[in-house]
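mind looking at a prediction? Sequence and model below.
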Amino acid sequence: QVQLVESGGGLVQAGGSLRLSCAGSGSMRGINAMGWYRQAPGKQRELVATITGGSSINYADSVKGRFTIARDNAKNTVYLQMNSLKPEDTAVYYCNAHRLECSTWGCSDNDYWGQGTQVTVSS
């Protein structure tokens, strides 16, 4: 199994910064992508940013130019530096790890999630 533990959330004023961290442990071998998703009250969970082991990065349009994702493969850790925060960034942020798992019976996509960390941006 994979365990993901997030840290770094909190309350910040608009225009401020926060840095989220997510440490993975357990069966991390073969994890090909890690990233961050968020869910605001009354809304669906949405992608924020992802990064593969080969450092291919994808950002949601709403955070481009403000957020930066980074990954330390040796530590199985992914970071999200969030600058110029806006009230609309307020959400629970979830760490994600993705692995394609194959057996004799075929392959399946498997996603693992952290418990979430609250980010609140006041206006």
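Sure, I can see it. All values derive from a computational prediction rather than experimental measurement.

wait, isn't His98 in contact with Gly30?
No: assessed by CB atoms under 8 Å, His98 is found out of contact with Gly30, at 10.0 Å. Where you see a C-beta, it was placed from the backbone N, CA and C, and this is true even at glycine.

quick one: pLDDT of the most far-flung residue of the chain relative to its centre?
No residue in the chain sits farther from the centre than Thr104, which is 31.0 Å out by CA atoms, centre = their mean. If you check Thr104, the pLDDT there is 92.

now swap in the one 3 residues further on and tell me
In this model, Cys107 is scored at 90, pLDDT.

in the helix or strand harbouring Tyr79, what counts as buried?
In this structure, Tyr79 sits in strand 77-82 according to DSSP states H and E. Under the neighbour-count criterion of 16 or more other CB atoms under 10 Å, strand 77-82 has 77-80, 82 buried.

which of those lies closest to Asp111?
Taking CB to CB as the measure, Asp111 lies nearest Val78 of the buried residues of strand 77-82, at 14.0 Å.
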